[in-house]
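Visitor: Quick one: sequence and predicted model below, then my questions.
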Amino acid sequence: MRIKASQLRLPAVASALAVVALLVAVAPAAAKGRHHHHSKRHHSPPAVYVSTTGKASASDKSCKKARYSSIQDAIEAVPLKGVVVVCKGTYPGGVNLDRRVILAGKPGATIDATGDAYGIGVSASHASVVGLTVKNANLADQIDDGIVTIGFDSTGAPAGAADHVKIIGNVVTGNLGSGIDLNSTSYSVAFGNKANGNGVGINVADDLAKVASHNWISHNVTNKNFGGCGIALADHSGAGVVSNLVDHNVANDNGLSTPTAPDASAGSGVILASPVPNGIVKGNLITHNKFSGNGHAGVVVHAHAPGADFSGNAITFNVIGTNNVRTDENDLQTTGIYLGSLAPQTILVKGNQIHDDYYGIFTSGPVTLTAKQNQFHNVTTKVGTFPTF
């Protein structure tokens, strides 16, 4: 069953806006609340402060009087549902958000994960990460994500995934893995982030053999991610990537790190993919996004193995410019939307504006295209096909 935007968007919008509104007020309100315990005006959650100059003897009422110099120590100290305010400065990576709290960055707050396997690993459900810059996760042969919804133990092994995580208004860049990795999570939100210059911009996957479902990826900018796609929805374990909403994002110039073709960098605006037999990537809605200049098509389906279930996916009302500049399997021309599958699939493509491509839509393999109300401008061939994938 395909997800409807209204099923996820309204509660998620309200929740995301509530977090943002809370953070606008939390620092002054928390400080005042300590002096006016009986005031009815302020009901903000408790806050602790992290600064590069933090001292254990400080009053912890503001960034200038921060008690903590370690983000991890502050996470462990703050009351549940409280706020860890990260003040301007640069802090090391490998942060474990293992409690239900809000990790909120002030302008200029940066986690530099150089030499670390990740910037922030979130293992506590209902936790939030807001307003931070997270960069440079680059430890060899590790996950190397900026922000990931998986926690890790002291050996670096995965220690569980979190659900209902909010990742809002962050800048993630220079991470060799994904800037943001909604991995093995459900009902999580990535909203208003800038995920540029990573291996992949935003990833939605099921690497812990736990379904990734009902996540909301909205109003993000995911440009110039060198190793792959702007946004990826990929089943790697067979658990499934199901009923996710990807809307109002911009994903341009991804997957251009290598100059050769075809299939050079596997970099599309957004991809729905699975390399595993009987993979499940279904019921996802890709709508009202903008894609241009990507190595592969603006929107791509790659169902590489037999028995894959990509039913109920819909690609609607996107604006798609020149893409597939590095080409793809059986398609050596610029292309707006590419649908490739080894197994029979039926995919809805409706109301998209596709311009300045050789192919508007290209199918490779036994794909049944349900195309409605798409508009083509300066497109040589509206629909191209190839019998196999």
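Guide: Received the coordinates, thanks. Residues are numbered from 1 along each chain as shown.
Visitor: from memory residue 270 sits against residue 286, does it?
Guide: Yes. Contact criterion C-beta atoms under 8 Å: residue 270 and residue 286 qualify, at 5.7 Å. Placement of C-beta: from N, CA and C, glycine included.
Visitor: Now for these two: what residues contact both?
Guide: Common contact partners of residue 270 and residue 286 (C-beta atoms under 8 Å, 6 or more residues apart in numbering): 246, 299.
Visitor: pLDDT value on residue 222, please?
Guide: pLDDT, residue 222: 98.
Visitor: shouldn't it be in contact with residue 255?
Guide: No. Using C-beta under 8 Å, residue 222 is not in contact with residue 255, being 11.3 Å away.
Visitor: Neighbour count: the two, which is higher?
Guide: Neighbour totals were compared for residue 222 and residue 255, and residue 222 leads with 34 against 29 (other C-beta atoms under 10 Å).
Visitor: List the residues that contact the more buried one.
Guide: Taking C-beta under 8 Å, 6+ apart, we find residue 222 in contact with 179, 195-196, 201-202, 230-231, 249-251, 254.
Visitor: Quick check: it vs residue 203, distance?
Guide: For residue 222, the distance to residue 203 equals 10 Å [C-beta to C-beta, to the nearest Å].
Visitor: Next: residue 52.
Guide: Counting by C-beta to C-beta, the gap from residue 52 to residue 203 is 30 Å.
Visitor: Neighbour count for these two, which is higher?
Guide: A direct count of neighbours by other C-beta under 10 Å for residue 52 and residue 203 places residue 203 higher, at 27 against 13.
Visitor: So which other helices or strands are in contact with the helix or strand harbouring that one?
Guide: Using DSSP states H and E, residue 203 falls within strand 200-205. Contact partners of strand 200-205 among helices and strands, from 3 or more C-beta pairs under 8 Å, 6 or more residues apart in numbering; DSSP states H and E: strand 178-183, strand 231-234.
Visitor: Tell me how far that strand lies from the chain's centre.
Guide: 5 Å (C-alpha atoms, centre = their mean, to the nearest Å).
Visitor: who's in contact with the spatially closest residue to residue 90 that is not a sequence neighbour?
Guide: Using C-beta to C-beta, 6 or more residues apart in numbering and skipping the chain neighbours, the partner closest in space to residue 90 is residue 110 (4.7 Å). Counting by C-beta under 8 Å, 6+ apart, residue 110 touches 89-91, 132-135.
Visitor: quick one: secondary structure of residue 110?
Guide: With DSSP: H, G, I helix; E, B strand; the rest coil as the basis, residue 110 sits in strand.
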